[in-house]
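Engineer: below are the sequence and a predicted model for it; my questions follow.
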Amino acid sequence: MADAHRIIKVFISYSHQDAQYLDKKSLLGYLEGLEDEQIAFWTDRQIQTGELWDDVIKTQIQDAHIALVLVSQSFLDSKYCKDVEIQGFLANKSYLFPIILSPCEWQRHEWLHSRQFLPGGDETIEEHYTDLGQRKRLFLKIRQQLRERAEQLRQAPPSN
């Protein structure tokens with residue numbers, strides 16, 4: 001049975017070299033309003049002192065409905081991002097929502113080149129969306145598509 005009020009959990013997978021996208025004035029700040037619509041975002045910044053970070057991350061990966069994947073060459077070169085996070089999302093059949101931040105070899109990764117991603121084509125945020133207005137328009141598109149995906153997940157029967 002569909003649950004219109006089910007909280008949709010979004011895990012934000014990123015390289016720490018791209019942490020600026022988690023700032024209030026960047027992508028995550030632009031998406032925060034979706035929390036009022038029962039869409040919960042999680043980043044590793046929420047890990048508390050003393051917690052076993054690897055265990056916390058793996059638990060959050062298991063619980064995630066959507067993986068918002070912020071792709072850069074630093075991300076693709078990170079063994080943890082590829083071998084733990086991406087493999088965990090694929091194993092759990094989480095919905096991957098990739099965003100290409102900067103020029104990188106995304107085509108060399110099957111999990112990525114076989115999926116639709118934003119901004120699309122050969123565009124990246126850092127090369128093609130340098131104008132603040134254009135970047136906000138792209139962030140709006142990401143927000144709208146995340147909302148649409150969350151609604152689709154709510155309409156689907158629970159997988160448990």
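Structural biologist: Sure thing, it's come through.
Engineer: which residues touch the longest helix seen in the chain?
Structural biologist: In the chain, with assignment by DSSP state H, the single longest helix is helix 132-155. With contact meaning C-beta atoms under 8 Å, 6 or more residues apart in numbering, helix 132-155 is reached by 2-4, 6, 8, 10, 27, 30-31, 33-34, 37-39, 65-66, 68, 95, 97, 99, 118-119, 125, 128-129. Every C-beta, even on glycine, is put in place using the N, C-alpha and C of the backbone.
Engineer: residue ranges with poor pLDDT in the chain?
Structural biologist: 1-4, 158-160 (pLDDT under 70).
Engineer: now the residue nearest the centre of the chain, which residues is it bridged with?
Structural biologist: Geometric centre of the chain, nearest residue: residue 68, 0.8 Å, by C-alpha atoms, centre = their mean. On the basis of DSSP bridges, residue 68 is bridged to residue 12, residue 97.
Engineer: surely it and residue 11 touch.
Structural biologist: Yes: between residue 68 and residue 11 there is a contact under C-beta atoms under 8 Å: 7.1 Å.
Engineer: in contact with residue 111, which residues?
Structural biologist: The contact partners of residue 111, by C-beta under 8 Å, 6+ apart, come to 86, 90, 96.
Engineer: report the buried members of these.
Structural biologist: 86, 96 (16 or more other C-beta atoms under 10 Å).
Engineer: tell me the one of the contacts of residue 111 nearest residue 45?
Structural biologist: residue 86 (19.5 Å; C-beta to C-beta).
Engineer: with adjacent residues omitted, what lies nearest to that closest one?
Structural biologist: residue 111 (5.9 Å; C-beta to C-beta, 6 or more residues apart in numbering).
Engineer: now that neighbour: which helix or strand?
Structural biologist: helix 110-113 (DSSP states H and E).
Engineer: so what does the helix or strand following that helix touch, helix or strand wise?
Structural biologist: Per DSSP H and E, helix 110-113 leads on to helix 125-128 as the next helix or strand towards the C-terminus. With contacts taken as 3 or more C-beta pairs under 8 Å, 6 or more residues apart in numbering; DSSP states H and E, helix 125-128 sits against helix 132-155.
Engineer: and the helix it packs on, what's buried?
Structural biologist: Buried-residue list, helix 132-155, by 16+ other C-beta under 10 Å: 135, 138-139, 142-143, 146-147, 149-150, 153-154.
Engineer: can you list these in JSON lines and add distance to residue 81?
Structural biologist: Shown next, in JSON lines, are the buried residues of helix 132-155 (distance: C-beta to C-beta, whole Å):
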{"residue": "135", "distance to residue 81": "23"}
{"residue": "138", "distance to residue 81": "22"}
{"residue": "139", "distance to residue 81": "22"}
{"residue": "142", "distance to residue 81": "19"}
{"residue": "143", "distance to residue 81": "23"}
{"residue": "146", "distance to residue 81": "20"}
{"residue": "147", "distance to residue 81": "25"}
{"residue": "149", "distance to residue 81": "21"}
{"residue": "150", "distance to residue 81": "23"}
{"residue": "153", "distance to residue 81": "23"}
{"residue": "154", "distance to residue 81": "28"}
